[in-house]
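Participant: no FASTA, just this:
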């Protein structure tokens, strides 16, 4: 999938994930001075029907059924710390349903603030799969921890991308419905369409 980058990006981190009988290359483009980032997705699938594969990007993790169902997210705000939807953990009741397939940290710089604190400007990457669909479901969370030295403040922002087959999406929907009806996730539906960006049309060449 072609991608033109402007001056907003000056760093790239690439990862490869097995998927069906091939793989996906995921490029994470970001800026060392901000929390803004963008995904680039390239696939190499042999003898596979791409119409059954969906790629979605989430600028708000709370709009993801996967995150709402399986993960605990952390929010916190004060003068020196601003965290929005930071990955905290897999919910204990789903330890056997979800597994890590990547957990990586890229430290960009070490920053000493005027109050004496030592912080790291970093990119954290967490990738998960559904254990029943090991090579048919990928959910990647990217977490940018950006240090604003002039304000003595750390800003944490997250984005997500999901690559999934029709079969794995069907099971995800079943888990999500079960979590709602069992009271584990409450009953409020939170999936505004403007928070989910579909990328699969471009991958299919439409």
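Facilitator: Okay, I see it. Since the structure is predicted, the reported quantities are computational estimates derived from the model, not experimental observations.

Participant: And the lowest mean pLDDT element among the helices and strands of the chain?
Facilitator: Sorting the helices and strands of the chain by mean pLDDT, DSSP states H and E puts helix 200-203 at the bottom, at a mean of 50.

Participant: Could you pull out the strands in the chain for me?
Facilitator: 11-19, 22-30, 37-45, 53-58, 71-78, 81-90, 98-112, 118-130, 137-148, 153-165, 196-198 (DSSP state E).

Participant: any idea which of those strands scores lowest on pLDDT?
Facilitator: For the strands of the chain, mean pLDDT drops lowest on strand 196-198, to a mean of 54.

Participant: export the strands of the chain to TSV and tack on mean neighbour count and distance to residue 64?
Facilitator: Every residue, glycine included, has its C-beta placed from N, CA and C. Below are the strands of the chain laid out as TSV (neighbours: other Cβ atoms under 10 Å; distance: least, Cβ to Cβ, whole Å):
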stretch	mean neighbour count	distance to residue 64
strand 11-19	14	18
strand 22-30	18	16
strand 37-45	17	14
strand 53-58	20	5
strand 71-78	13	9
strand 81-90	17	10
strand 98-112	13	13
strand 118-130	19	11
strand 137-148	22	7
strand 153-165	21	6
strand 196-198	14	8
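
Participant: Of all those strands, which one is nearest residue 171?
Facilitator: strand 118-130 (6.5 Å; Cβ to Cβ).

Participant: Just checking: what are the partner strands of that closest one?
Facilitator: According to DSSP bridges, strand 118-130 forms sheet pairs with strand 98-112 (antiparallel), strand 137-148 (antiparallel).

Participant: the inter-axis angle of that strand versus strand 71-78?
Facilitator: 160 degrees (axes from the mean of the first three to the mean of the last three Cα atoms, to 10 degrees).
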